[in-house]
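Colleague: coords please:
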Amino acid sequence: MDDIIKTIRISSAGMRVQGTRLRVISQNIANADSLPQRPGDDPYRRKLVTFRNELDKSVGVETVHVNRLHKDMSDFGKKYDPSHPAADKDGYVETPNVNTMIEMMDMREAQRSYEANLNLIKSSKTMLNSVIDVLRSN
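Modeller: Next up, the predicted model:
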């Protein structure tokens, strides 16, 4: 029964970090078209999530946690729009470094990981209930 509880703890930690990852991806997608308002301002910069393992002393297993949220320092794109207030002298406006196709793939991966952890918790709960039923019948 102890192993089942450990499994639930590990899976719930996985669900928490994937939930955070999904929120960050949603922010990135929502701001994919956010342009600067003035020349010299930066557009929205993509955010990333990194993970770390951490010992859960209460059950004696390592679980995953968010290590940090940080900005993707890759180059911004450029779009020709000389009428935009943030256009440079050549008529280009910097655009966010968000590629919605990559975000959608990352979202699908995070969603699948979240669902896998949820299914593991459901299976563990079923096994735990079966153990309790056996113990009650004796």
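Colleague: mind checking the pLDDT average for stretch 41-48?
Modeller: In this model, stretch 41-48 has an average pLDDT of 97.
Colleague: adjust the sequence numbering to begin at 604 for everything that follows.
Modeller: Let's use 604 as the start, then, which means that last one is stretch 644-651.
Colleague: measure the most centrally placed residue in the chain to residue 709 for me?
Modeller: Geometric centre of the chain, nearest residue: residue 624, 0.8 Å, by CA atoms, centre = their mean. Using CB to CB, to the nearest Å, we find residue 624 at a distance of 8 Å from residue 709. Every C-beta, even on glycine, is put in place using the N, C-alpha and C of the backbone.
Colleague: what residues are up against the nearest residue to residue 689 once chain neighbours are set aside?
Modeller: Excluding its sequence neighbours, the residue lying closest to residue 689 (CB to CB, 6 or more residues apart in numbering) is residue 639, at 4.1 Å. Listed by CB atoms under 8 Å, 6 or more residues apart in numbering, the contact set of residue 639 reads 645-646, 689, 696-697.
Colleague: CSV for these, including secondary structure and distance to residue 713?
Modeller: Putting those into CSV (DSSP: H, G, I helix; E, B strand; the rest coil; distance: CB to CB, whole Å) gives the following:
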residue, secondary structure, distance to residue 713
645, coil, 26
646, coil, 24
689, coil, 32
696, strand, 30
697, strand, 28
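Colleague: just flag the most distant two among those.
Modeller: 645 and 696 (11.2 Å; CB to CB).
Colleague: comparing these two, which residue is more hemmed in?
Modeller: Each of residue 645 and residue 696 has its neighbours counted (other CB atoms under 10 Å); residue 696 has more, 21 against 11.
Colleague: so where do the helices sit in the protein?
Modeller: Along the chain, the segments classed as helices by DSSP state H run 605-633, 703-740.
Colleague: including distance to residue 671 and mean pLDDT, could these go into TSV?
Modeller: Output for these, formatted as TSV (distance: least, CB to CB, whole Å; pLDDT from 0 to 100):
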stretch	distance to residue 671	mean pLDDT
helix 605-633	11	94
helix 703-740	17	94
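Colleague: closest one to residue 667 among the ones you listed?
Modeller: Once the helices of the chain are compared by CB to CB, helix 605-633 is nearest, at 5.2 Å.
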